[in-house]
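>>> Here's my sequence, what's the structure:
(2 chains)
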Amino acid sequence: MSEEALLEVTDLRVAFAAGGQEISAVNGVSFSVRPGETLAVIGESGSGKTVSCRAIMGLLPSTAIVKGSARLRGTELIGLPEPELRRHRGAQMAMVFQDPARSLNPTMRIGQQIAEAVRTHRDVSKAEARAEAIELLRLVRMPLPERRFGEYPHQLSGGMRQRVVIAIALACKPKLLIADEATTALDVTTQAQIMELLLDLQDELDMALVMISHDLGLAASYASEVVVMYAGKIVEQAPAGQLFGARGAVRMRYTRALLDAIPDMERAAHTPLPVVAGRPPDLAALPPGCAFADRCAAAEDDCRETAPDLAEHVPGHRWACWHPCAAGDNSENGDIPS
Amino acid sequence: MARSPALRLVGRRLGAAVIVLWGVTLLTFIVMSTLPNDTAQTMLGLHATPAQVAALNKALGLNQPFWVRYWRWLVQALHGNLGTTLEGQSVNHELAIHLPVTLELLAYALVISVALAVVVAVLAARRPNGIADRISLSVSMIGLSASPLVVGIILVIVFAVQVGWFPVQSNGLGGGLGSFFVQGTLPAASLGFPLFAIYTRLLRADLVEQMQREDYIVTARAKGLSPWRVLIRHALRNSMFTLITVIGLNLGTLVSAAAIIEVLFSVPGVGSDLLTAIGNHDSALIEGIVFVFALITVAGNLAADLLYAVLDPRIRHGSTNS
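Numbering: from 1, shown residues only, chains lettered A, B, ... in the order given. All right, here's what the predicted structure looks like:
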């Protein structure tokens, strides 16, 4: 990674102690994000994408054992004492969550929830924080911000609630914004609006955006760099253009299976949607070989014996597979969703 | 704003309260009339002739059928007159003297138990299984297992007999604030301690639940708020609703415990009055006091519901989006 990175994650590992055994949710994840860049972290539920990001933010419960390194502008975040980590959280880095119906305090006015974020990191009066909160509501394109200031979450629609959550995240103009499935709980038209809003704001505030999603289509449309995770590891990583470009070059069979599982307008009616067969492995008992082997059509004996390392096989494109797909052969129907 | 959800709620609850109160009066009357009735005999003494007993029964109206007696009492009560005690005093007058004492005692017990429970529950919930949590668990287990009567006796032995900070018997709560605290603290503590235990356990459990499960807590933490601030400004705010509901539901327990505690400490409230009245088979007085107890419980529950509606914006405004 050439330019000085805003966030540099190296060999991040997260395990949870549960009932006497350790469950490894994240097993050595490394990536970096440059200022202003958009990184998409893709994977199905349980692949470790949310846990990785919460580990970076220091938001995991105390049962989590976090190892490795995550440097934000050179400051090591892993192992930083909570009071010091708190100074970065919400100020330098902020997070937008999946379900806006649950991520706002139901009994607190939305304006207060935003003003509180402003006052946590800056020494401003209540009146100034209020003015700032209204300004933030305007920034996230909330209609009638003065009136909305005094309303409660249940009085807003899902899309408006997510705008409030974004306003809270932006309260201190962070350099890094992590959007954890930020559009998943919204309906499709609202999804697009919120995504556009996030990208506009990213431009305006020159933020780096880490987009956690299970939706490769979203990554293809908006991200500059894509990381695909499976069973707590990165299995493929490449610039979005390289991965999804006209001569698409997805090499991991897991990534390709995810691509094939996206509904497509061209597909003949009433044909079943391809699914990734099988289930993600048990994180408490990961196999010695490739974690995807049991679900992979191309798996051979070597896959079950030794796990392939993530290596840069083509400049900029890294994958972890003994028997990758041929390049330029993105999916059965060759289309990239957008 | 006749259609506001809060007002509709008040209307429904008031209707239910009236029905409950009426039911209580009827039940008390049924119980009183099924008990062997020897009021006249008791009043006249063992040597009274059957004719004398019959005459007194007639004078007291006790020879009339149940429904007639109940109807007469109900009509009188609706006019604000709760009848006459066996000693010829008006029940209203009796209540006017003793009820304020009981209300003061109940309020004192409630304030102590709720205030302490909030502080202790927050301290315990800050670090589940930490030292504060363990101490509070042990203390509240004692409170949950001991009845107010046992707590009262232990408090008397320790703080009245051994240490001597408070009198063994209170003999009235009047005479200024200082005297109120001296006379009232032990009875209020006996009443409040078991409640404190219930409230602490419940509030602590709800706080921990909110802190571990709720996404809005993660949002608050992601803002960079300190753990105390997240706990008090975010979690406690939402956990108070559980507490308010439980306080309302427990009022009945509190009121009935007051009767025993008043006797133990000789507090001249309606509780000790009730036990005397039961001993004397004084129907009118029993009816009156039971009615007042029911009224306190129902009014307390109503107040809890209203407080809930006032504090919870989701009820106050009604839901515009679901």
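
>>> Would you mind measuring the gap between the ends of stretch A:216-234?
15 Å (Cα to Cα, to the nearest Å).

>>> my bad, should have said stretch A:31-50
14 Å.

>>> any weak-confidence spans in chain A?
Counting by pLDDT under 70, chain A shows low-confidence ranges at A:1-3, A:246-248, A:327-338.

>>> tell me the centre residue of it?
Centroid-nearest residue in chain A, with Cα atoms, centre = their mean: residue A:212, separated by 1.7 Å.

>>> Look at that residue and give its secondary structure.
What DSSP: H, G, I helix; E, B strand; the rest coil gives for residue A:212 is strand.

>>> Check the burial of residue A:204 by counting its neighbours.
11 (other Cβ atoms under 10 Å in any protein chain shown). Backbone N, C-alpha and C define where each C-beta goes, glycine included.

>>> That one: which element?
helix A:188-205 (DSSP states H and E).

>>> and that helix, C-alpha only, in CSV?
Extracted in CSV, the C-alpha atoms of helix A:188-205 (Å, rounded to 0.1, in the frame of the first residue of the first chain):
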residue,chain,number,x,y,z
VAL,A,188,-34.9,0.0,-2.1
THR,A,189,-35.6,3.6,-3.1
THR,A,190,-34.5,4.9,0.3
GLN,A,191,-31.4,2.7,0.1
ALA,A,192,-30.3,4.6,-3.0
GLN,A,193,-30.9,8.0,-1.5
ILE,A,194,-29.0,7.1,1.7
MET,A,195,-26.1,5.7,-0.4
GLU,A,196,-26.0,8.9,-2.5
LEU,A,197,-26.1,11.0,0.6
LEU,A,198,-23.2,9.1,2.1
LEU,A,199,-21.1,9.5,-1.0
ASP,A,200,-21.9,13.2,-1.3
LEU,A,201,-20.9,13.7,2.3
GLN,A,202,-17.8,11.7,1.8
ASP,A,203,-16.8,14.1,-0.9
GLU,A,204,-17.8,17.2,1.0
LEU,A,205,-16.0,16.2,4.2
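
>>> buried stuff in that helix?
A:190-191, A:194-195, A:197-198, A:201-202 (16 or more other Cβ atoms under 10 Å in any protein chain shown).

>>> cool, stretch A:68-75 as well?
Result for stretch A:68-75 [16+ other Cβ under 10 Å]: buried residues A:68, A:70-72.

>>> same for chain B: which of these are within range?
Checked against chain B using Cβ under 8 Å from any Cβ of the partner chain, these give no members in range.

>>> can you tell me which of those are in strands?
Within the buried residues of stretch A:68-75, residues falling in strands by DSSP state E are A:68, A:70-72.

>>> Now residue 76. Nearest residue, chain neighbours left out?
Let's take chain A. In space, and not counting its chain neighbours, residue A:76 is closest to residue A:69: 6.1 Å by Cβ to Cβ, 6 or more residues apart in numbering or on different chains.

>>> Chain B was what I was after
Counting by Cβ to Cβ, 6+ apart, the residue nearest residue B:76 is residue B:83, at 6.3 Å.

>>> helix/strand/coil for the closest residue to chain A within the stretch 151-300 of chain B?
Chain A sits closest to residue B:224 of the stretch 151-300 of chain B, with a gap of 3.4 Å, by Cβ to the nearest Cβ. Put simply, residue B:224 is coil when judged by three-state DSSP.

>>> Could you report the distance from it to residue A:180?
As judged by Cβ to Cβ, to the nearest Å, residue B:224 and residue A:180 stand 17 Å apart.

>>> Would you mind listing what in the stretch 201-322 of chain B touches chain A?
B:212, B:214-216, B:218-227, B:233-234, B:237-238, B:311-314, B:317, B:319-321.

>>> I'd like to know which of those are buried.
Here, 16+ other Cβ under 10 Å leaves B:214-216, B:218-225, B:233-234, B:237-238, B:312-314 buried among these.

>>> How about the contacts made by residue B:228?
By Cβ atoms under 8 Å, 6 or more residues apart in numbering or on different chains, the contact list for residue B:228 reads residue B:126.

>>> Likewise for residue A:11?
A:28-30, A:67-69.

>>> And the helices in chain B?
With DSSP state H as the definition, chain B shows helices at residue ranges B:5-34, B:39-44, B:50-60, B:66-78, B:91-126, B:131-145, B:148-155, B:176-213, B:215-222, B:227-229, B:237-264, B:270-280, B:283-311, B:313-316.

>>> What values do phi and psi take at the residue of the stretch 151-300 of chain A found nearest chain B?
Proximity of the stretch 151-300 of chain A to chain B (Cβ to the nearest Cβ) peaks at residue A:152, 4.3 Å away. The phi/psi pair for residue A:152 (degrees, to the nearest 10) reads phi -100, psi 160.

>>> where's residue A:115 relative to residue A:56, distance?
Counting by Cβ to Cβ, the gap from residue A:115 to residue A:56 is 26 Å.

>>> swap in residue B:222?
Using Cβ to Cβ, one gets 11 Å for the distance from residue B:222 to residue A:56.

>>> What parts of the stretch 1-150 of chain A come near chain B?
Counting by Cβ under 8 Å from any Cβ, the stretch 1-150 of chain A sits next to chain B at A:57, A:59, A:61, A:82-83, A:86-91, A:94-95, A:97, A:99, A:102-108, A:113, A:116-117, A:120-121.

>>> Show me the contact partners of stretch B:122-135.
B:120, B:136-137, B:200, B:203-204, B:207-208, B:211, B:227-228, B:231-232, B:235-236.

>>> That stretch: end-to-end distance?
13 Å.

>>> next one: stretch A:263-281
Stretch A:263-281: ends 25 Å apart by Cα to Cα.

>>> on that earlier part again, please pick the buried ones from the residues of the stretch 1-150 of chain A next to chain B.
A:57, A:59, A:86, A:88-91, A:94-95, A:97, A:99, A:102-108, A:113, A:116-117, A:120-121.

>>> just the contacts of residue A:11 now: which is nearest residue B:180?
Nearest to residue B:180, judged by Cβ to Cβ, of the contacts of residue A:11 is residue A:67 at 60.7 Å.

>>> Hmm, residue A:255 is touching residue A:220, no?
No: assessed by Cβ atoms under 8 Å, residue A:255 is found out of contact with residue A:220, at 11.3 Å.

>>> Neighbour count: these two, which is higher?
residue A:255 (25 against 22).

>>> who's in contact with the helix or strand encompassing that one?
Element membership for residue A:255, per DSSP H and E: helix A:253-260. Helix A:253-260 is touched from outside by A:42, A:44, A:214, A:216, A:228, A:230, A:235-236, A:243, A:250, A:274, A:276, A:292, A:295-298, A:321, A:324-325, A:330-332, A:336-337, with contacts defined as Cβ under 8 Å, 6+ apart.

>>> Stretch A:42-53 too?
A:9, A:12, A:14, A:25-27, A:29, A:41, A:60, A:64, A:95, A:178, A:180-181, A:210, A:212-216, A:219, A:226-233, A:255, A:258, A:276, A:280, A:283.

>>> what about residue A:171, how many neighbours?
Residue A:171, neighbours per other Cβ under 10 Å, totals 27.

>>> name the helices or strands packed onto the lowest-mean-pLDDT helix or strand in chain B?
The weakest-scoring helix or strand in chain B, judged by mean pLDDT, DSSP states H and E, is helix B:39-44 (a mean of 74). Packed against helix B:39-44 by the contact rule (3 or more Cβ pairs under 8 Å, 6 or more residues apart in numbering or on different chains; DSSP states H and E) you find helix B:50-60.
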